[in-house]
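S.K.: Mind looking at a prediction? Sequence and model below.
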Amino acid sequence: MVNDPNPDQGWYYNTRTGEVEHLERSRSIDLLGPYPDEATAKRALEIAKERTKQADEEDRKWSGN
(Lines give C-alpha, C1' and ligand atoms only; values in the text may rest on other atoms or scores of the structure.)
Protein backbone atom coordinates (compact mmCIF):
# COMPACT_ATOMS: atom_id res chain seq x y z
CA MET A 1 0.00 0.00 0.00
CA VAL A 2 1.11 3.53 -0.77
CA ASN A 3 0.94 5.91 2.21
CA ASP A 4 -0.10 9.13 0.46
CA PRO A 5 -0.49 12.26 2.64
CA ASN A 6 -3.19 13.56 0.24
CA PRO A 7 -4.97 10.40 -0.89
CA ASP A 8 -7.36 10.26 -3.79
CA GLN A 9 -10.89 9.87 -2.42
CA GLY A 10 -11.95 7.31 -5.04
CA TRP A 11 -12.59 3.63 -4.52
CA TYR A 12 -10.51 1.05 -6.41
CA TYR A 13 -10.72 -2.67 -7.18
CA ASN A 14 -7.46 -4.57 -6.82
CA THR A 15 -7.30 -7.19 -9.58
CA ARG A 16 -4.51 -9.09 -7.81
CA THR A 17 -6.22 -9.48 -4.43
CA GLY A 18 -9.90 -9.11 -5.39
CA GLU A 19 -10.29 -6.50 -2.64
CA VAL A 20 -11.72 -2.99 -2.75
CA GLU A 21 -9.30 -0.26 -1.63
CA HIS A 22 -9.90 3.29 -0.49
CA LEU A 23 -7.45 6.02 0.57
CA GLU A 24 -4.38 3.77 1.00
CA ARG A 25 -3.90 1.85 -2.23
CA SER A 26 -1.69 -0.77 -3.81
CA ARG A 27 0.34 -0.30 -6.99
CA SER A 28 -1.70 1.31 -9.75
CA ILE A 29 -0.96 -1.54 -12.17
CA ASP A 30 -3.15 -3.78 -9.97
CA LEU A 31 -6.06 -1.34 -9.71
CA LEU A 32 -9.25 -0.57 -11.61
CA GLY A 33 -10.88 2.77 -10.83
CA PRO A 34 -11.48 5.20 -9.40
CA TYR A 35 -15.12 4.50 -8.67
CA PRO A 36 -17.45 6.81 -6.73
CA ASP A 37 -18.26 4.33 -3.97
CA GLU A 38 -17.42 0.92 -2.55
CA ALA A 39 -20.41 -0.85 -4.12
CA THR A 40 -19.44 0.31 -7.60
CA ALA A 41 -15.80 -0.66 -7.04
CA LYS A 42 -16.94 -4.17 -6.06
CA ARG A 43 -18.56 -4.42 -9.53
CA ALA A 44 -15.35 -3.34 -11.32
CA LEU A 45 -14.84 -6.56 -13.29
CA GLU A 46 -18.49 -6.63 -14.36
CA ILE A 47 -18.31 -2.97 -15.41
CA ALA A 48 -15.10 -3.61 -17.39
CA LYS A 49 -16.72 -6.57 -19.14
CA GLU A 50 -19.79 -4.47 -20.06
CA ARG A 51 -17.59 -1.65 -21.40
CA THR A 52 -15.50 -4.07 -23.46
CA LYS A 53 -18.63 -5.64 -24.97
CA GLN A 54 -19.99 -2.18 -25.85
CA ALA A 55 -16.69 -1.10 -27.41
CA ASP A 56 -16.52 -4.33 -29.45
CA GLU A 57 -20.05 -3.71 -30.75
CA GLU A 58 -19.15 -0.13 -31.70
CA ASP A 59 -16.01 -1.38 -33.49
CA ARG A 60 -18.09 -3.90 -35.48
CA LYS A 61 -20.54 -1.16 -36.51
CA TRP A 62 -17.70 1.16 -37.51
CA SER A 63 -15.93 -1.50 -39.57
CA GLY A 64 -19.14 -2.65 -41.22
CA ASN A 65 -18.91 -6.25 -39.99
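M.R.: Structure's in. What do you need? Just so we're clear, the structure is a prediction, and the values are computed from it rather than from any experiment. Residues are numbered from 1 along each chain as shown.

S.K.: three-state assignment of the residue nearest the centre of the chain?
M.R.: Among the residues of the chain, the one closest to the centroid is Leu32, at 2.5 Å (C-alpha atoms, centre = their mean). Following DSSP: H, G, I helix; E, B strand; the rest coil, the label given to Leu32 is strand.

S.K.: contacting residues around Glu19?
M.R.: Neighbour list for Glu19: Tyr13 [criterion: C-beta atoms under 8 Å, 6 or more residues apart in numbering]. In this view, the C-beta of every residue, glycine as well, is placed from N, C-alpha and C.

S.K.: Give me the phi and psi for it.
M.R.: In terms of degrees, to the nearest 10, the main-chain angles of Glu19 are phi -100, psi 150.

S.K.: got it, and Glu24?
M.R.: Torsion angles, degrees, to the nearest 10, at Glu24: phi -90, psi 120.
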